[in-house]
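>>> predicted coordinates and the sequence they were generated for:
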Amino acid sequence: MAIEEKLEAGSLSLLLIDDEPSLRRTVRTALESMGHRVCEAANSKQALELVLRQRFDLAFLDLRLGHENGLDLLPQLLFATDKRLHVVIITAYASLDSAIQAMRKGAFDYLPKPFTPDQVRVVLDRSNLVRGLKNRVAELAERAGPVDATIELETREPEMQRVLDVAFQVAASDATILLRGESGTGKGVLARAIHARSRRANHRFVTVHCPAMPAELFESELFGHVRGSFTGAVQDRDGRVDAADEGTLFLDEIGDLPLTLQPKLLRLVQDKEFERVGDPAPRKADVRILAATNRDLEAEVKAGRFREDLFYRLNVIELTIPPLRQRRKDVLPLARALLANLPRQPGKSVTDLTAEAEAAINSFVWPGNVRELRNAIERGLILAPGPEVGLEHLPGQLTGVTGKRIEVGAPVTLDELEAEHVRRVVASSPSLDDAAATLGIDPSTLWRKRKKVEPKENS
C-alpha cells in the first residue's frame, strides 16, 4: 500500500488487528500518512484491552488471527464499545459466505486482501460520513422541540451582546467555558449555541444535570462502570463522558457536583483521562467541557464545598449572562418571538398580545428570567381563545403589575411584599422543595402560601 495524502474527512482513531507484523507495519504507515492515529493488536486479547482503554472510530480486523477466528472477536468488540465502533473485516480468504457472516454479526464493511489505498479511503470516508450523520441525528433528537431556543439569545442590550460576542469568538477553540447567571437566563441555550459554532458541531452535545441524580449514582452515570462493580451492575456500561467523546460535555449546575467526585472531574478536565467504576484501567476522552452555575463558586470554595483547583480549571473563559430584568429592551421582542414560535393547539390562531398584556409583561421584573417568560407565553397560548393573549390569560403574578411596583421600600403592605417575594423565589427555583428551602419554610407551608397569593393559579 503506497503512502497517501491525508483524507479530507479528517483524522480518525484506528485500530489494526492482524497477526502479521509486516502487514500491520505497511498498513499503519499508509494510514498514518493519511493523517490518522493508529494502534496495533496482534490478537483478540490485545485488541479488547485497547478498546476498553481508549476510544476508536474504526477497526480493521483480520478474519484469521493465528489460531483465532476474527468473527468470534467481532461481537466482543461491538459489545465492548456499545456498537459505536465500525469494524471492517480484512482477509486474504475472501468468500461470499464469510462476508455474509461478517455483516450479520455487525461488521461495517469487508475488504479482501490485497486492498488498495483508494479502497481504504472509500471505507474511511463512508465511516466518517455515517458517524457524522448518526451524531447529527442524535443531536437533532436532543434538540427536537417546538421552538428554536436560540431566539432566546437575540438581544438589543449591549451587555448581553458583549457576552454573545465573546462566546462566539471562543466557540471555535477548545477552551473550557464557565457560564454564570441566575436560573432561567439561558445558560444551556448559550452552551448549545457555542457547540453549534465549534469544530465539534457534528459530534454530540451531552448534558449532565449535576443536581438531578443521587451522589452514589453520579460517578457511574458520568464515567460508566464495569459489570459487577456494584449491586445492579449486570453489564459494562459507558457513561456520559464516553457519549460525548469528540463532542461537548455540558455540566449544568456544576456547583452541585458532589465533593467526592470533584478530583475525578479535575483529572478529566486537566488530562482528558478518567476511569469507569470498578475498572482501574485509565480511559481517554476527547471532550470539550462547558459548565454552568447559578451559585457563587468563590463562596463555595471558601466554604470548602468546591475545590479551588477545579474552579480555576473550569473558569478559563467566564461568561455571565445578565438576568432578564437587566435586559429591558429585550423583554417585549422576546415575548413576541416566543408567541410567534411556540406551538399552539390545533384549530387555534393566536397571533398577538393585547396592549394590557404587553404593558404587564414589560413592567414585570421576571425573577425566573427567560424561562419564566417562556412559560407565561406558553400558558397564554393555551388559555387564549384567540386571536390575542390578554392579561387574564397570563400567570396570576402579572395581574395588577401595571398598577404599582412591589419591591422593598415601596409603599406596599407586608402581605403584598411577602406575596411578591414568594412568587419570585418560586419562579426562580428549579423545584418547590428548593423554593421552600430558600424561604426557610417547609413545602407544605409554601403550598398554603401559594394557595393564598395565587388563588387563580391553584383553583
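Here it is on my side, so go on. Since this is a predicted model, take the numbers as computed values, not measurements.
>>> got the contact list for residue 218?
For residue 218, the contact set (CB atoms under 8 Å, 6 or more residues apart in numbering) comprises 210, 257-258, 261. C-beta coordinates here come from the backbone N, C-alpha and C atoms, glycine included.
>>> tell me which helix or strand residue 292 sits in.
Following DSSP states H and E, one finds residue 292 within strand 288-293.
>>> same question for that strand, mean pLDDT?
Here strand 288-293 scores 96 as its mean pLDDT.
>>> which elements pack onto it?
strand 177-180, helix 187-196, strand 248-252 (3 or more CB pairs under 8 Å, 6 or more residues apart in numbering; DSSP states H and E).
>>> how about those in CSV, adding mean neighbour count and mean pLDDT?
Output for those, formatted as CSV (neighbours: other CB atoms under 10 Å; pLDDT from 0 to 100):
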stretch, mean neighbour count, mean pLDDT
strand 177-180, 24, 97
helix 187-196, 22, 95
strand 248-252, 24, 95
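>>> nearest to residue 133, of those?
For the helices and strands packed on strand 288-293, the distance to residue 133 is smallest for helix 187-196, at 16.5 Å, taking CB to CB.
>>> what comes up buried for the helix or strand following the closest one?
Later in the chain than helix 187-196, the nearest helix or strand by DSSP H and E is strand 205-209. If you call a residue buried by 16 or more other CB atoms under 10 Å, then strand 205-209 has these buried ones: 205-208.
>>> can you check stretch 277-294 too?
277, 279, 283, 285, 287-294.
>>> measure it end to end?
End-to-end distance for stretch 277-294: 29 Å, by CA to CA, to the nearest Å.
>>> ok now do residue 170, which residues does it touch?
177, 194, 317.
>>> same question, residue 86
57-59, 108-109, 127, 130-131.
>>> beta partners of it?
With DSSP bridges applied, residue 86 shows beta-bridge pairing to residue 58.
>>> what does the one 4 residues further on give?
Applying DSSP bridges to residue 90 gives these bridge partners: residue 62, residue 111.
>>> sorry, back to before: of the buried residues of stretch 277-294, closest to residue 21?
residue 283 (26.9 Å).
>>> so what pLDDT did the closest one get?
Looking at residue 283, its pLDDT is 89.
>>> what residues does it make contact with?
Contacts of residue 283 by CB under 8 Å, 6+ apart are 52-55, 242, 273-276.
>>> most neighbours out of those, which is it?
Among the contacts of residue 283, residue 276 has the most neighbours (other CB atoms under 10 Å), with 24 neighbours.
>>> on that earlier part again, make a markdown table out of the buried residues of stretch 277-294 and add distance to residue 149.
As requested, those are arranged in a markdown table below (distance: CB to CB, whole Å):
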| residue | distance to residue 149 |
| --- | --- |
| 277 | 33 |
| 279 | 37 |
| 283 | 32 |
| 285 | 27 |
| 287 | 22 |
| 288 | 20 |
| 289 | 21 |
| 290 | 15 |
| 291 | 19 |
| 292 | 14 |
| 293 | 19 |
| 294 | 18 |
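>>> biggest separation within the residues you listed, which pair?
Every pair of those checked by CB to CB; the farthest is 279 and 294, at 33.9 Å.
>>> break the chain down into its domains, please.
13-138, 149-320, 324-458 (automatic domain parsing).
>>> so for the first one, mean pLDDT?
I take that to be domain 13-138. 84.
>>> switch to numbering from 209
Taking 209 as the first residue, the last one we looked at is domain 221-346.
>>> distance from the chain centre to that domain, please.
Put simply, domain 221-346 sits 29 Å off its chain's centre (CA atoms, centre = their mean, to the nearest Å).
>>> ok, of the contacts of residue 294, which come out buried?
Neighbour-count burial (16+ other CB under 10 Å) applied to the contacts of residue 294 gives 265-267, 316-317, 335, 339.
>>> okay, now the unreliable bits of the stretch 409-558 of the chain?
420-424, 439-442 (pLDDT under 70).
>>> wait, residue 596 touches residue 557, no?
No. Look at residue 596 against residue 557 with CB atoms under 8 Å: they stay out of range, at 10.3 Å.
>>> neighbour-wise, which of these two wins?
residue 596 (17 against 7).
>>> follow-up on the earlier one: residues contacting the strand holding residue 500, please?
382, 384-389, 395-396, 399, 402-403, 406, 408, 455-463, 476-477, 522.
>>> tell me what angle that strand forms with strand 456-460.
10 degrees (axes from the mean of the first three to the mean of the last three CA atoms, to 10 degrees).
>>> ok, strand 496-501: who's next to it in the sheet?
strand 385-388 (parallel), strand 456-460 (parallel).
>>> so how many other residues sit close to the closest residue to residue 565 other than its chain neighbours?
Closest residue to residue 565 apart from its sequence neighbours, by CB to CB, 6 or more residues apart in numbering: residue 599 at 4.9 Å. Neighbourhood size, residue 599 [other CB under 10 Å]: 20.
>>> that concludes my questions; thank you for your assistance.
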